[in-house]
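A.B. asks: Next comes the sequence, and after it the predicted model I'd like to discuss.
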Amino acid sequence: MRRVLFFVEGFTDIRFVVGLSEICDLTLSVPARHYADSGLKARIAASGIEIQVHEIDGGRAAFQLRSLAWLWRHVRDFDVVLSQEVLRGSLNATLVGALRGVPVVTTMAVAPVEYFRCRRERGQIGPVVAWTVEAVIRLLMTVNGRLATRAIALGPYLQEIARRYSSHTEHGAYYGVDMGFFTPAADAERTALRAAHDLPADAFVIFFSSRMSHEKDPETVLRATALARAEGLNAVLLNLGGGYKDFVALAASLGLPDASQWVLGRPAAHPMTEVADYFRAADVVAQASLAEGLGLSTLEALACGTPVVATEVGGMAIALRGVARLTPRRDATAMARELVWIARHREEARAQALQGREMVRREWSREKAFGDLAHILDEVSSRRVAPDPQILRSSNP
């Protein structure tokens, strides 16, 4: 079995790690603090998968230096390196891979420039910082694009972005959607799920599953729900995640009528054992974003036959067309209109979502995601070559 190093610079998803462990002999290299704080360390221990994990201590600068040294010593123990995203962490992987003759495959699950620009839009940074950091991001994407053996982008939207920097770009599906876990629920089962998870039985449950981050748009979902309630819809809005307290506080800060009665926040649910219950119990999943690479949570909702309302932006504009209700960016009125439409046309909305389930099965299933990834890793690792002596001489490592 191929020996793969998955090189992670920040947070990563347990679903991807578990799936990756099934198709290769896996070693994980991670920042020690993120590994523990994100809960990934505990989830891997509980999963029972057999992988090697190397934890690297220190903050950003220390991690950058220590991971570079570790990669230099150990990279030739592997057939291929799979490196998370295309920024500072991947710079170490692609540089060392080129110097040591080990193929490196980068992944792209977010749009780096577009996501970063959301910070400026929100007023979190000034124009000088925005221009400087964006230039650095573009430089890192350019260097990594040229040095990497292959790039895998999540969906056609990100693939088009990745192609600007790398001529060897593939379409990927990250961890995909587990079609056996995310399944439709009949009315009686939905009622039982709501009772089990203390959700109101008689309310129109809107599920906003996203984390609190600068590229997401929880304000629009909150305002849209308030507008739908003003139309007479008995709606509640649920958010799960590590930032759920911030979500509840945001609702209060917006001055929405009686927000404390209809805004619900809960800690993150385990993505492989618990979260599907909430998708299956909800009446609709609402996903508002300022920028979006794909929006896998919307595909998970469709796999459950749950209607989706989403911003027509980025990868969602491509993947969800025809199977979800798409609305303009930052348009709470349009989103509220779609929420009310779904509540008043439940059978039609459900039928549209079930069409989406078939699309997800064809294009985004877990089996397809890891089957395609295994093929790419096999192909790339078979092309491993000796390091270029000229590169070694000029680098003076």
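C.D. replies: Perfect, I can see it now. Numbers count the residues shown, from 1 in each chain.
A.B. asks: drop to CA atoms for contacts and neighbour counts, all remaining ones
C.D. replies: Fine.
A.B. asks: gap between the host helix or strand of residue 20 and the chain center?
C.D. replies: Using DSSP states H and E, the secondary-structure element containing residue 20 is helix 14-21. The chain centroid and the centroid of helix 14-21 are separated by 14 Å under C-alpha atoms, centre = their mean, to the nearest Å.
A.B. asks: ok, now stretch 180-193?
C.D. replies: With C-alpha atoms, centre = their mean, you get 24 Å for stretch 180-193.
A.B. asks: how long is it end to end?
C.D. replies: With C-alpha to C-alpha, to the nearest Å applied, stretch 180-193 spans 17 Å between its terminal residues.
A.B. asks: Can you point out the buried residues in that stretch?
C.D. replies: 181-185, 190-193 (16 or more other C-alpha atoms under 10 Å).
A.B. asks: Could you find which two of these are furthest from each other?
C.D. replies: Considering C-alpha to C-alpha, no two members of the buried residues of stretch 180-193 lie farther apart than 181 and 191, which are separated by 18.2 Å.
A.B. asks: before we move on, back to that, against which helices or strands is the helix holding residue 20 packed?
C.D. replies: In terms of contacts (3 or more C-alpha pairs under 8 Å, 6 or more residues apart in numbering; DSSP states H and E), helix 14-21 is packed against helix 40-47.
A.B. asks: mind running it again at 10 Å?
C.D. replies: strand 3-7, strand 25-31, helix 40-47, helix 366-381 (3 or more C-alpha pairs under 10 Å, 6 or more residues apart in numbering; DSSP states H and E).
A.B. asks: hang on, the earlier thing: list just the nearest of the buried residues of stretch 180-193 to residue 141.
C.D. replies: Checking the buried residues of stretch 180-193 against residue 141 with C-alpha to C-alpha, the nearest one is residue 182 at 34.3 Å.
A.B. asks: Surely the closest one and residue 298 touch.
C.D. replies: No. Using C-alpha atoms under 10 Å, residue 182 is not in contact with residue 298; the gap is 11.4 Å.
A.B. asks: Next, show the common contact partners of the two.
C.D. replies: Residues within reach of residue 182 and of residue 298 at once, by C-alpha atoms under 10 Å, 6 or more residues apart in numbering, are 279, 304.
A.B. asks: List the buried residues for stretch 30-49?
C.D. replies: Along stretch 30-49, the positions that meet the burial threshold by neighbour count (16+ other C-alpha under 10 Å) are 30-32, 34-35, 40, 43-44.
A.B. asks: Quickly find the element holding residue 219.
C.D. replies: Element membership of residue 219 [criterion: DSSP H and E] is helix 218-230.
A.B. asks: Can you mark which positions in that helix are buried?
C.D. replies: Of the residues in helix 218-230, those buried under the neighbour-count criterion (16+ other C-alpha under 10 Å) are 218-229.
A.B. asks: re the thing from before, which stretch among the helices and strands packed on helix 14-21 comes nearest residue 70?
C.D. replies: Each of these has some distance to residue 70 by C-alpha to C-alpha; the shortest is strand 25-31, at 9.4 Å.
A.B. asks: ok, the closest one: who's next to it in the sheet?
C.D. replies: For strand 25-31, the paired strands and their directions (DSSP bridges) are strand 3-7 (parallel), strand 52-56 (parallel).
A.B. asks: May I see these organised as CSV, with mean neighbour count and mean pLDDT added?
C.D. replies: Supplementary listing: the strands paired with strand 25-31 in CSV, determined by neighbours: other C-alpha atoms under 10 Å; pLDDT from 0 to 100:
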stretch, mean neighbour count, mean pLDDT
strand 3-7, 23, 97
strand 52-56, 15, 96
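A.B. asks: Adding distance to residue 364, write those strands out as a markdown table.
C.D. replies: Listed next are the strands paired with strand 25-31 as a markdown table, based on distance: least, C-alpha to C-alpha, whole Å:
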| stretch | distance to residue 364 |
| --- | --- |
| strand 3-7 | 22 |
| strand 52-56 | 28 |
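A.B. asks: Of all these, which one is nearest residue 360?
C.D. replies: Taking C-alpha to C-alpha as the criterion, residue 360 comes closest to strand 3-7 out of these, the separation being 26.1 Å.
A.B. asks: in the stretch 101-250 of the chain, which spans are helices?
C.D. replies: With helices called from DSSP state H, counting those that start in this stretch, the stretch 101-250 of the chain shows them at 112-121, 127-147, 155-163, 187-196, 218-230, 244-253.
A.B. asks: if we look at the fourth one, which residues are touching it?
C.D. replies: Contact with helix 187-196 is made by 184-186, 198-202, 205, 277-283, as judged by C-alpha under 10 Å, 6+ apart.
A.B. asks: just the last one next, same as before
C.D. replies: Contacts with helix 244-253, where a contact means C-alpha under 10 Å, 6+ apart, come from 209-212, 218-219, 222-223, 238-241, 243, 256-260, 262-268.
A.B. asks: Equivalent analysis for the longest one, please.
C.D. replies: Outside of helix 127-147, the residues that reach it under the criterion C-alpha under 10 Å, 6+ apart are 85-99, 103-106, 112-114, 116-120, 124, 150-151, 162-169.
A.B. asks: Restricted to strands, list those residues.
C.D. replies: Among the contacts of helix 127-147, the ones falling in strands (DSSP state E) are 104-106, 150-151, 169.
A.B. asks: Next, the contact list for residue 162, please.
C.D. replies: Contacts of residue 162 (C-alpha under 10 Å, 6+ apart): 86, 107-108, 111, 141-142, 145, 151-154, 156, 168-171.
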